[in-house]
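# Got a sequence here, can you model it:
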Amino acid sequence: MAKPWVSIEGDAELIRRLKAILRIVRQEVGKVNYEVAQRGADRARSLVPYRTGALEASIDVRGAGTTWRFGSFDYEGRALVPRWVEYGTSRTPAQPYVGPAQEGARAALPKGTRTIARELPFLVKQA
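Now for the predicted structure:
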């Protein structure tokens with residue numbers, strides 16, 4: 001018995017539009033993730049214990065595309081100080097600043113993705 005063949009006309013146009021939609025969705029997801037990471041970094045800066053200001057100045061947002069992170073980068077001192085402050089040591093109590101900021105950032109992510117989902121039909125029409 002012969003296998004039935006399916007023919008799709010305009011498949012090149014379909015592939016082009018799907019790639020365009022994917023590119024638009026990635027851009028929008030990247031924007032949301034960057035905004036959430038920026039809010040998290042701002043929150044971490046407001047929570048960090050202030051002594052010299054170096055730890056606060058080391059809080060930054062880094063990444064590209066759809067992946068963005070915030071935390072203490074390039075601390076101008078002993079490399080482990082951000083961890084010691086966040087988690088404490090045998091001599092000093094923990095003073096968390098990144099952990100609470102991450103919790104707030106995680107809570108903001110679903111709202112951002114719902115916004116993208118609402119805008120998706122409009123984005124598809126643009127493609």
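# Leaving aside the residues adjacent along the chain, what's closest to the most centrally placed residue in the chain?
With distances taken as Cα atoms, centre = their mean, the residue of the chain nearest its centroid is residue 33 (3.2 Å). Spatial nearest neighbour of residue 33, chain neighbours left out: residue 68 (4.7 Å); criterion: Cβ to Cβ, 6 or more residues apart in numbering. C-beta: built from backbone N, CA, C; applies to glycine.
# Run through the residues that contact the one you found.
30, 33, 34, 36, 37, 61, 62 (Cβ atoms under 8 Å, 6 or more residues apart in numbering).
# Now render the residues you listed as CSV, adding pLDDT, distance to residue 112 and secondary structure.
As requested, the contacts of residue 68 are arranged in CSV below (pLDDT from 0 to 100; distance: Cβ to Cβ, whole Å; DSSP: H, G, I helix; E, B strand; the rest coil):
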residue, pLDDT, distance to residue 112, secondary structure
30, 88, 11, helix
33, 88, 8, helix
34, 93, 10, helix
36, 91, 6, helix
37, 93, 11, helix
61, 94, 15, strand
62, 93, 19, strand
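# Now rank the residues you listed by neighbours and give me the top one.
residue 37 (24 neighbours; other Cβ atoms under 10 Å).
# Determine how far the particular helix or strand that has residue 21 in it lies from the middle of the whole chain.
Using DSSP states H and E, residue 21 falls within helix 11-47. Distance of helix 11-47 from its chain centroid, counting by Cα atoms, centre = their mean, to the nearest Å, is 8 Å.
# same question, stretch 106-115
11 Å.
# got it, and stretch 9-26?
Taking the mean C-alpha point of stretch 9-26 and that of its whole chain, the gap between them comes to 25 Å (Cα atoms, centre = their mean).
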